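Asks: my questions concern the predicted model and sequence given below.
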Amino acid sequence: MRYVPLIILSILFTVYSCGDRHTKTEQDTYVQYPWKHFRGVNVGCEIREADVAALSESGANLIRFSTPLCNFMDLEAPHAFRPEAFQKLDSVLEWGETYGISVLIDPHRYPGTKHQWTMLGTDPFWQDFKWHDLLIQFWDSVATRYSHRGAVIAGYDLLNEPEVPFDFQKGSPKDLGLLYQKLTTAIRKKDSTHTIVYALPRIYNRHTKQMQGYHKGIDLIPIPKDANRCIETHTYFPKEFTHQNIWEPGIDIPYPVTLDSVLWDRKQLELEQASLIEFGKNNPKTSILVGEFSAPRWTEEHGMQYLQDVIEIAEKYEWSWAYHAFREASVWDPEMSITDRNDSTRSSQAPRWKLLKNYFKRNR
């Protein structure tokens, strides 16, 4: 009988440890679910179990679940959480577990933002800390709700395509680095196991009237030194090619293409990402994700070559990537025709889909 107290003490210690494993502070270095090498796609609210099954069959191992059309929070006051959005995420996580695909949680849009698909530098979000406080409350709730979930959660994608001015004032609502640190502190109090994904910003220089791509944001924004972090960039350059004829008819732009005396080809795409490439070399333990890249599907072989060049650069530097987008919008749909904009028939033999699947094979 003299050994019973020791047994009880051992059991109590085990129970306490298990209960505490998801409430470690940001200072802890314990990481249970580190970022993996992902090759996958973006999906929207419309995703069904059959879609996840199809992705699993293709070899993809990541879903970036973006929800600008089914927000987790009401955009109008009092900004209540929306249970149906969380229920949808729960279903997607269950499907991910069933079919062996990880899910990157990307709420995409929050109160204080104007645009469905991206953040703007003119958004109220960057004018008042009250919007940041709402965001902190949201991610605190997410971390609390999902800290117990396993590797099916690839990570928490905090913001989608933030835009900040080149000369923002530190300590102001425009200070993205400060916001990221606040969010990291809140999340790590509840969840020390899952990856936090920090999106690099677009940078507007009011002096030159130029907008620089996300990849160059690494030189401007201090990223929290978290033990389990991933840096996210998006590749939509040159925009004249990647967004041609989407909203209104215009001239067809080829790829490679010379614009303003610059030849845009794979070499130039890589050169544009030099700062991020250098960061990756200097921070080998920090993962990098190309969270979105694409071109209208009807850009024929030009679009095919562009996608291949973007992917090959990511593969060269061992970055993860997620194509935009799978069964979310006709303009990007990889299972549709690459020549006929009006042909919305899906085929497993569509050229763009075959290209992506050839890379997905590397996941196995």
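Replies: Noted; the coordinates are in hand.
Asks: in this protein, which spans are strands?
Replies: Defined through DSSP state E, the strands belonging to the chain, from first to last, are 39-43, 62-66, 102-106, 153-157, 163-165, 195-199, 202-205, 210-212, 229-235, 257-259, 262-264, 287-293, 320-323.
Asks: in CSV: these, plus mean neighbour count, distance to residue 272 and mean pLDDT.
Replies: Heads up, the C-betas are built off the backbone N, CA and C, glycines and all. Putting the strands of the chain into CSV (neighbours: other CB atoms under 10 Å; distance: least, CB to CB, whole Å; pLDDT from 0 to 100) gives the following:
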stretch, mean neighbour count, distance to residue 272, mean pLDDT
strand 39-43, 25, 21, 98
strand 62-66, 28, 22, 98
strand 102-106, 25, 23, 98
strand 153-157, 25, 22, 98
strand 163-165, 19, 18, 91
strand 195-199, 25, 17, 98
strand 202-205, 19, 13, 85
strand 210-212, 14, 9, 81
strand 229-235, 24, 9, 98
strand 257-259, 13, 13, 98
strand 262-264, 15, 9, 98
strand 287-293, 25, 12, 98
strand 320-323, 26, 16, 98
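Asks: for residue 281, find the nearest of those.
Replies: In this view, those are compared for proximity to residue 281 by CB to CB, and strand 287-293 is the closest at 10.7 Å.
Asks: can you give me the first-to-last residue distance of stretch 355-364?
Replies: The distance separating the two terminal residues of stretch 355-364, taken as CA to CA, to the nearest Å, comes to 16 Å.
Asks: so for that stretch, mean pLDDT?
Replies: The predicted model assigns stretch 355-364 a mean pLDDT of 96.
Asks: check stretch 266-275 too.
Replies: For stretch 266-275, the per-residue pLDDT averages 97.
Asks: what about stretch 170-178, distance to the chain center?
Replies: For stretch 170-178, the gap between its own C-alpha mean and the chain's C-alpha mean amounts to 21 Å (CA atoms, centre = their mean, to the nearest Å).
Asks: redo the strands of the chain as JSON lines? Include distance to residue 245.
Replies: Supplementary listing: the strands of the chain in JSON lines, determined by distance: least, CB to CB, whole Å:
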{"stretch": "strand 39-43", "distance to residue 245": "21"}
{"stretch": "strand 62-66", "distance to residue 245": "23"}
{"stretch": "strand 102-106", "distance to residue 245": "27"}
{"stretch": "strand 153-157", "distance to residue 245": "29"}
{"stretch": "strand 163-165", "distance to residue 245": "24"}
{"stretch": "strand 195-199", "distance to residue 245": "27"}
{"stretch": "strand 202-205", "distance to residue 245": "22"}
{"stretch": "strand 210-212", "distance to residue 245": "21"}
{"stretch": "strand 229-235", "distance to residue 245": "19"}
{"stretch": "strand 257-259", "distance to residue 245": "14"}
{"stretch": "strand 262-264", "distance to residue 245": "17"}
{"stretch": "strand 287-293", "distance to residue 245": "18"}
{"stretch": "strand 320-323", "distance to residue 245": "20"}
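Asks: out of these, nearest to residue 359?
Replies: Nearest to residue 359, of all the strands of the chain, is strand 39-43, at 5.7 Å by CB to CB.
Asks: can you list the helices and strands that that closest one packs against?
Replies: Contact partners of strand 39-43 among helices and strands, from 3 or more CB pairs under 8 Å, 6 or more residues apart in numbering; DSSP states H and E: helix 49-58, strand 62-66, strand 320-323, helix 351-360.
Asks: ok, which of these comes nearest residue 305?
Replies: The closest approach between residue 305 and any of the helices and strands packed on strand 39-43, judged by CB to CB, belongs to helix 351-360 at 9.9 Å.
Asks: what's the angle from that closest one to strand 39-43?
Replies: 130 degrees (axes from the mean of the first three to the mean of the last three CA atoms, to 10 degrees).
Asks: show me the contacts for the closest residue to residue 135 other than its chain neighbours.
Replies: Nearest-residue entry for residue 135: residue 110, 5.7 Å, with adjacent residues in sequence omitted and distances by CB to CB, 6 or more residues apart in numbering. Residue 110 sits next to 71, 73, 75, 125, 131, 134, 135, 138 when contact means CB atoms under 8 Å, 6 or more residues apart in numbering.
Asks: ok, and the most crowded of those residues?
Replies: residue 125 (25 neighbours; other CB atoms under 10 Å).
Asks: quick one: contacts for it?
Replies: Residue 125 makes contact with 110, 111, 112, 113, 119, 131, 132, 173, according to CB under 8 Å, 6+ apart.
Asks: circling back to that earlier point, and the residue nearest to residue 135, how far is that from residue 134?
Replies: 7 Å (CB to CB, to the nearest Å).
Asks: how many other residues sit next to residue 302?
Replies: Each residue near residue 302 was counted by other CB under 10 Å, and the total is 20.
Asks: no wait, residue 144
Replies: In terms of burial, residue 144 registers 16 neighbours under the definition other CB under 10 Å.
Asks: that one is in contact with residue 187, isn't it?
Replies: No. In this structure, residue 144 sits apart from residue 187 without contact. The criterion is CB atoms under 8 Å, and the distance is 9.5 Å.
Asks: among the contacts of residue 125, which are in helices?
Replies: Residues of the contacts of residue 125 located in helices (DSSP state H): 131, 132.
Asks: export the contacts of residue 125 to JSON lines and tack on distance to residue 305 and pLDDT?
Replies: What follows is those, written out as JSON lines (distance: CB to CB, whole Å; pLDDT from 0 to 100):
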{"residue": "110", "distance to residue 305": "36", "pLDDT": "98"}
{"residue": "111", "distance to residue 305": "40", "pLDDT": "98"}
{"residue": "112", "distance to residue 305": "39", "pLDDT": "98"}
{"residue": "113", "distance to residue 305": "34", "pLDDT": "97"}
{"residue": "119", "distance to residue 305": "30", "pLDDT": "96"}
{"residue": "131", "distance to residue 305": "41", "pLDDT": "98"}
{"residue": "132", "distance to residue 305": "41", "pLDDT": "98"}
{"residue": "173", "distance to residue 305": "41", "pLDDT": "97"}
